[in-house]
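Participant: Mind folding the following:
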Amino acid sequence: MKRIAITPALLRWARERAGVMAAGELTGRFPKLPEWEAGNIRPTLKQLEDFARAVHVPIGYLFLPAPPDEPLPIPDFRTHDGRGVRRASPNLIDMLYACQERQGWYREFSLASRMPEADFVASVTVDQRPEEVAAAMAQRLGFDLAARAACRTWEEALRLFIGQAEKLGILVMVSGIVLSNTHRALDPQEFRGFALADRRAPLIFINRQDSKSGQMFTLAHELAHLWLGASALSDATAATLNGHRREEVWCNAVAAELLVPLAAFRLAVQPGEAIDVAMQRLARQFKVSTLVILRRLLDAGVLTRDAFGQAWAMERERLRALADARQSSGGNPYRNVIARVGKRFTRAIVESTLEGQTLYRDAFRMLGVAKTETFNTIGREVGAML
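Facilitator: Next up, the predicted model:
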């Protein structure tokens, strides 16, 4: 039985890169892993191939003399405890490249179809006041506070917001897993979303594992990045961002003003109302998270900075406990596929495939489907097929 000479450091790097799939789970599948990493035993080629699949690493990487540098293809604005995040998980990396492939395909489709460019991309700068930019964005999106407040559920409000963005020409993709692999969940603690700026194929990805109210803020934050014309990976939050990059602080301010305009918010605040009661009422009214409401209470001068800090810490812990207990529902599998890649993208690739411009093989890969029946069903769901 032929065994493969592998640098042990590559195996340790691949295991650590896998993140949540740490030593315990991997050792259960590969009992000799500790000895491989120590250099005492070499794996067979079959064992190495299985290991590479388990940790989502291209097998060629394991034959390198040293771990490769894997820079992300877009600026990384994520932070943890005030510091930049150095390593991205395989799930995040694969999701980024999958969305770039979809964006590249749609850019060519847009050119071939002679679709107009999205002139709002790169139309503003961080030197402009967030309030002015948010007002212009709201007008362009057709953003209506009354319509959003009238939505019965968070899901309905989020669908309305996504629909407004897609109608403007933005590809909005919402998924909690890598492609269609339910065993590869995306961690909202690692990232909440990203924006890929392009005048022909502006794209926003939202981590579906986050709460619906969190997804609302992420969408607003990434829209601000598109208006700047700046691709970025974010962990968007309504927190005060002391020490963060100016661009992220600005995008957060725009997002907060877009979702909860301060002038309308001041009118909705009831003097003397308990903070916990006000948070819940205003969150339901504006369809945002209670953390966004806390931030606006600070901006409106209702809370002091010290009171805000205490309330923020308590509310964040409460929401974390709720998130740990929350289980996402399966829902309609065909609509889940459409949500993962966006209705605009789905319709375009189905139509292109039916016209013979795109291979079924490529369409299936980008949609994350394996069967013609599934392809036809989602085609009917988006109105591209009868």
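
Participant: where do the strands sit along the stretch 201-350 of the chain?
Facilitator: Ranges of strands within the stretch 201-350 of the chain are 203-207, 232-234, based on DSSP state E, counting those that start in this stretch.

Participant: Surely Leu359 touches Thr353?
Facilitator: Yes: the pair formed by Leu359 and Thr353 meets the contact definition of C-beta atoms under 8 Å, at 7.5 Å. Placement of C-beta: from N, CA and C, glycine included.

Participant: Have a look at those two and say which one is more surrounded.
Facilitator: Shown here are Leu359 and Thr353; by other C-beta atoms under 10 Å, Thr353 has more neighbours (20 against 11).

Participant: now the angle from the helix or strand where that one lies to strand 203-207?
Facilitator: Per DSSP states H and E, Thr353 falls inside helix 343-354. Angle of helix 343-354 versus strand 203-207, following axes from the mean of the first three to the mean of the last three C-alpha atoms, to 10 degrees, is 120 degrees.

Participant: CA atoms of helix 343-354 as CSV?
Facilitator: Extracted C-alpha coordinates of helix 343-354, given in CSV (Å, rounded to 0.1, in the frame of the first residue of the first chain):
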residue,chain,number,x,y,z
LYS,A,343,-35.1,35.8,-8.1
ARG,A,344,-33.4,38.1,-10.7
PHE,A,345,-30.5,35.8,-11.2
THR,A,346,-32.7,32.7,-11.3
ARG,A,347,-34.9,34.0,-14.0
ALA,A,348,-32.0,35.2,-16.1
ILE,A,349,-30.1,31.9,-16.0
VAL,A,350,-33.2,29.8,-16.6
GLU,A,351,-34.2,32.0,-19.7
SER,A,352,-30.6,31.9,-21.0
THR,A,353,-30.4,28.1,-20.6
LEU,A,354,-33.8,27.5,-22.3
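
Participant: Also compute the angle for the following helix or strand past it relative to helix 343-354, please.
Facilitator: Using DSSP H and E, the helix or strand that follows helix 343-354 in sequence is helix 360-367. Relative orientation of helix 360-367 versus helix 343-354 (the same axes, to 10 degrees): 170 degrees.

Participant: Flag every buried residue along helix 360-367.
Facilitator: Judged by neighbour count (16 or more other C-beta atoms under 10 Å), helix 360-367 contains these buried residues: Ala363, Phe364, Met366, Leu367.

Participant: in the chain, which helix has the most residues?
Facilitator: Taking DSSP state H as the criterion, the chain has its longest helix at helix 90-112.
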